[in-house]
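Student: What follows is a protein structure lacking sequence information:
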């Protein structure tokens, strides 16, 4: 009889671990860059209306922290479900759709 930990360890892959790490780094980067952008240009710069509403209700820092913790929890749940290609695709999506535009706006324009 296999232990639960052994079974989970068998399903882990290097690709999945790297995908999760990149996803979490993309989330953290997006959170930091969004905070800098919102502090610099105001909440109108945030493209997600739900996050903008949360910022008005909770403040910029707590709203972004809550959103990024929720996103990280979802990414970890996907990783534990062994859908590593989805996690990798989401990481690429966040880098291309959130991190790169914020970096361009904040540092190059």
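Tutor: On my side now, so go ahead. Please read all numbers here as calculations on a predicted model, not as lab measurements. Residues are numbered from 1 along each chain as shown.

Student: For the rest of this, base every contact and every neighbour count on C-alpha atoms.
Tutor: Will do.

Student: what about the most centrally placed residue in the chain, distance to residue 109?
Tutor: Note on the chain: the residue nearest the mean C-alpha position is residue 27, at 2.4 Å, using CA atoms, centre = their mean. Distance of residue 27 to residue 109, given as CA to CA, to the nearest Å: 23 Å.

Student: how many neighbours does residue 33 have?
Tutor: Neighbours of residue 33 under the rule other CA atoms under 10 Å: 20.

Student: So which elements touch the helix or strand containing the residue nearest to the centre of the chain?
Tutor: Assigned by DSSP states H and E, residue 27 falls within helix 14-41. With contacts taken as 3 or more CA pairs under 8 Å, 6 or more residues apart in numbering; DSSP states H and E, helix 14-41 sits against helix 60-80, helix 84-94, helix 100-103.

Student: residue contacts, the residue lying closest to residue 51 once chain neighbours are set aside?
Tutor: The shortest distance from residue 51 to any residue other than its chain neighbours is 6.8 Å, reached at residue 63 (CA to CA, 6 or more residues apart in numbering). Listed by CA atoms under 8 Å, 6 or more residues apart in numbering, the contact set of residue 63 reads 51, 54-55.

Student: Quick check: which ranges of this protein have low pLDDT?
Tutor: Of all residues in the chain, those with pLDDT under 70 make up the ranges 1-11.

Student: Tell me which residues touch the residue nearest to the centre of the chain, please.
Tutor: Counting by CA under 8 Å, 6+ apart, residue 27 has contacts 68, 71-72, 94.
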